[in-house]
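Trainee: sharing a model prediction with you, sequence too.
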Amino acid sequence: MDNDPLRLKIEQAFPGVLLEGRPFGKSDWPSPLWIASHALAGVAKLLKQDPSAPLTFLENLSVVELEQGLIASYFLSTRDFKKKAMIRFTLALDPLVPLVIPSVKQVWPMAKPMEQEISELFGIQFVLPNGQKVAHSGGLLAPDWAGYPLRKAYSFPSQFQGVTHARNGVSRG
Amino acid sequence: MRMDWIENKSLLTLWEMGPYHSALPGPMRLRLWLDGEWIAGSEVEHGFLHRGLEKCLELHSWREALAYVDHLDPEAAIFGELVFCLAVEEILGVEVPERAQFIRMIVAELSRISSHLLFMVRIAQAVGSETIVHYLLRDREKILDLFELLTGARFSHHFLRFGGVAYDMSDGFIERVLEVCDLIQIRMKEYNDLFTYNNIFVKRSANIGVLTAAQAFAAGVTGPNARACGVDVDLRRECPYLRYQDLDFNPAVGAGEVGSLGDVHDRFLVRLREMEQSIHLLRQAVRQVPAGAFSEPHRGDSASLFDFTVAPGEAYARIESARGLLGCHVVSDGKERPCRVQFRVPTQGHLLVLPELLQGARIEDLSVILASLDLGMAEADR
């Protein structure tokens, strides 16, 4: 695994950024590149500009909440889908620390709607390399919606804008 | 026209369309800044159809979730089921019987034709050809009849199961599929006469809404919209799933035959040719369906919806849906419900590129450009 040229390149460019992590399922996806979240933008640029097989296509951006915190997964591929890679990192859920990760929309423009969704549904703030927070507007949720629905601790509102909701069916378990 | 329109907003007319408008493909809001008859700039707002589908899947058992993933894209419901099943089966390590894989492939290709016929309906409405709409819907009914025969439902089939499909093909189903293939093949001439070589349609679609390959790359546009601008990539060939590797298949790619490469006409033509490809695939598939089980045993017969768990793990499956690359990331923590189900939908990229296509377009072309992208607002909003 350590002989993976992609890993060697990242290790060379950003020493200490690669972390040990679990492999990804049983699928044909290569072992994820677990990194420190602050290094995301740099690693993203490196992978996109890799001359041997530029990973120009951010296929998917997925976040899942597990016991250890939020895990973000960036599914990357070349445009012909011949080569794939995955960047992953963990964000600890600490109520005192804001969830902030670098935005990659300047590297992969298709990241914009993906980041917007995650921002709304998980409450993660994306920041540009100049430190500016990415502002999102007109997304999936109403502007005055409270909470982040895809967090495990999310509780459904009993009413919204004066309309009461009875949600008997979703309280199981 | 390609000036920095943001600086000149005050000189332009703001026109808001939606969220509900007959020219829109679904609930969405378009803010258009108009310079006379020209669109100087636009903003897209969507989310009006957000149903919390991914959250909903976390709140239901694995088997119940199968019924909900149908709703990802109601116009081509089987693709949501298929990508979810493929991801879950990967975690389970289930070997899906070959017969079931062929049945899935047949339903997927029928869905693709059905979805493309709906695309043609929308584009016919956009250019004002109401008569053609009835011809197209008449043919689509034949495919819905096949769905009803096989799955019991014309929409929202809830037909796939982890490890196979819910029912086997009934006697005569294959013959009916071949009849529909023959019928659509004959209709191709009609579609070509009414669309491809129709002077009015050519004038309304050629050189309009030109999407370049570079724009498509940047926005993550996939599927027929990407192929229409010359990107020869199709997941069924590049990363075959089900049994696509056993079938002869060449994706249709745009060539700018009538107008410019990547224009509305190319997007139409690619879908028309994809329908022919789907017929070709269907004819091969029905010939090769092997005998045997249609579902992996011991998984489909449990009485309780909750008596089914998936071992801890995760998987990411991806397929070529009628609109493009559809991905599904499933995470299981070993409990009776999914820990996370996340979809990567093609319409997200198509919406991202829409303002670029509209900039500099005429108002009269707005509805044609919108229809040509085949936007699925249900899957974009989830």
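Mentor: Thanks, I have it.
Trainee: give me the below-cutoff pLDDT ranges for chain B.
Mentor: Applying pLDDT under 70 to chain B picks out residues B:1-10, B:297-307.
Trainee: the strands in the stretch 201-350 of chain B, which residues?
Mentor: B:313-320, B:325-332, B:340-344 (DSSP state E, counting those that start in this stretch).
Trainee: deepest in the core, which of those strands is it.
Mentor: The highest average neighbour count among these, using mean count of other Cβ atoms under 10 Å in any protein chain shown, belongs to strand B:325-332 at a mean of 26. Every residue, glycine included, has its C-beta placed from N, CA and C.
Trainee: which residues touch that strand?
Mentor: Under the contact criterion Cβ atoms under 8 Å, 6 or more residues apart in numbering or on different chains, strand B:325-332 has outside partners A:59-60, A:62, A:64, A:66, A:73, A:75, B:79-80, B:83-84, B:86-88, B:91, B:222-223, B:235, B:310-320, B:338-346, B:379.
Trainee: switch the cut-off to 6 Å
Mentor: A:60, A:62, A:64, B:79, B:83-84, B:87-88, B:91, B:222, B:310, B:312-319, B:339-344, B:346 (Cβ atoms under 6 Å, 6 or more residues apart in numbering or on different chains).
Trainee: for stretch A:123-143, same thing?
Mentor: Contacts for stretch A:123-143 (Cβ under 6 Å, 6+ apart): A:41, A:99-100, A:103, A:115-116, A:118-120, A:148, B:45, B:47, B:50.
Trainee: and if you look at stretch B:345-362?
Mentor: Contacts for stretch B:345-362 (Cβ under 6 Å, 6+ apart): A:110, A:113, B:1, B:37, B:39, B:41-42, B:44, B:209, B:215, B:219-223, B:225, B:323-325, B:369, B:373, B:375-376, B:379-380.
Trainee: filter those to the buried ones?
Mentor: A:110, A:113, B:39, B:41-42, B:44, B:209, B:215, B:219-223, B:225, B:323-325, B:369, B:373, B:375-376, B:379-380 (16 or more other Cβ atoms under 10 Å in any protein chain shown).
Trainee: restricted to helices, list those.
Mentor: A:113, B:215, B:219, B:223, B:225, B:369, B:379-380 (DSSP state H).
Trainee: dump the residues you listed to a markdown table, plus distance to A:Gln132.
Mentor: Shown next, in a markdown table, are these (distance: Cβ to Cβ, whole Å):
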| residue | distance to A:Gln132 |
| --- | --- |
| A:Pro113 | 19 |
| B:Gln215 | 25 |
| B:Ala219 | 22 |
| B:Gly223 | 33 |
| B:Asn225 | 32 |
| B:Ile369 | 32 |
| B:Glu379 | 31 |
| B:Ala380 | 27 |
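Trainee: kindly report the residues of chain B close to chain A.
Mentor: B:45, B:47, B:50, B:55, B:59, B:90, B:218-220, B:233, B:238-239, B:313-315, B:327, B:329, B:331, B:340, B:342, B:344, B:348-349, B:352 (Cβ under 6 Å from any Cβ of the partner chain).
Trainee: do that again at 7 Å, thanks
Mentor: B:45, B:47, B:50, B:52, B:54-55, B:59, B:90-91, B:93, B:217-220, B:233, B:235, B:238-239, B:313-316, B:325, B:327, B:329, B:331, B:339-340, B:342, B:344, B:348-349, B:352, B:381 (Cβ under 7 Å from any Cβ of the partner chain).
Trainee: test my guess that A:Leu47 contacts A:Leu55.
Mentor: Yes - counting by Cβ atoms under 7 Å, A:Leu47 does reach A:Leu55; the two are 4.4 Å apart.
Trainee: more crowded one of those two?
Mentor: A count of neighbours by other Cβ atoms under 10 Å in any protein chain shown puts A:Leu55 above the other of A:Leu47 and A:Leu55, at 26 against 23.
Trainee: helix/strand/coil for the residue most central in space within chain A?
Mentor: Central residue of chain A (Cα atoms, centre = their mean): A:Ala72, 3.5 Å from the mean position. For A:Ala72, the assignment made with DSSP: H, G, I helix; E, B strand; the rest coil gives strand.
Trainee: bridged to it, which residues?
Mentor: Judged by DSSP bridges, the bridge partners of A:Ala72 are A:Val63, A:Phe89.
Trainee: find the nearest non-adjacent residue to B:Ile200, please.
Mentor: The spatially closest residue to B:Ile200, leaving aside those adjacent along the chain, is B:Val127, at 7.0 Å (Cβ to Cβ, 6 or more residues apart in numbering or on different chains).
Trainee: so who does that neighbour touch?
Mentor: B:201, B:204, B:368 (Cβ atoms under 7 Å, 6 or more residues apart in numbering or on different chains).
Trainee: quick one: which of those is most hemmed in?
Mentor: The contacts of B:Val127, ranked by neighbours (other Cβ under 10 Å): first place B:Val368, 25 neighbours.
Trainee: residue contacts, the residue lying closest to it once chain neighbours are set aside?
Mentor: Nearest residue to B:Val368, sequence neighbours excluded (Cβ to Cβ, 6+ apart): B:Ala126, at 4.6 Å. Listed by Cβ under 7 Å, 6+ apart, the contact set of B:Ala126 reads B:367-368, B:371.
Trainee: give me every residue that touches the residue of the stretch 101-250 of chain B found nearest chain A.
Mentor: Closest contact between the stretch 101-250 of chain B and chain A, by Cβ to the nearest Cβ, is at B:Gly220 (3.1 Å). For B:Gly220, the contact set (Cβ under 7 Å, 6+ apart) comprises A:57-58, A:110, B:349, B:352.
Trainee: can you do 10 Å?
Mentor: Neighbouring residues of B:Gly220 by Cβ atoms under 10 Å, 6 or more residues apart in numbering or on different chains: A:56-60, A:108-114, B:226, B:324-325, B:344, B:346, B:348-350, B:352-353.
Trainee: partners of whichever residue of the stretch 1-150 of chain B sits closest to chain A in the sheet?
Mentor: Closest residue of the stretch 1-150 of chain B to chain A, Cβ to the nearest Cβ: B:Glu45 (3.6 Å). Following DSSP bridges, B:Glu45 is listed with bridge partners B:Arg29.
Trainee: and for it, the neighbour number?
Mentor: 16.
Trainee: separation between it and B:Asp73?
Mentor: Remark: distance between B:Glu45 and B:Asp73 (Cβ to Cβ, to the nearest Å) = 20 Å.
Trainee: so for stretch B:195-207, what gets flagged as buried?
Mentor: Buried residues in stretch B:195-207 (16+ other Cβ under 10 Å): B:195-196, B:198, B:201, B:204-206.
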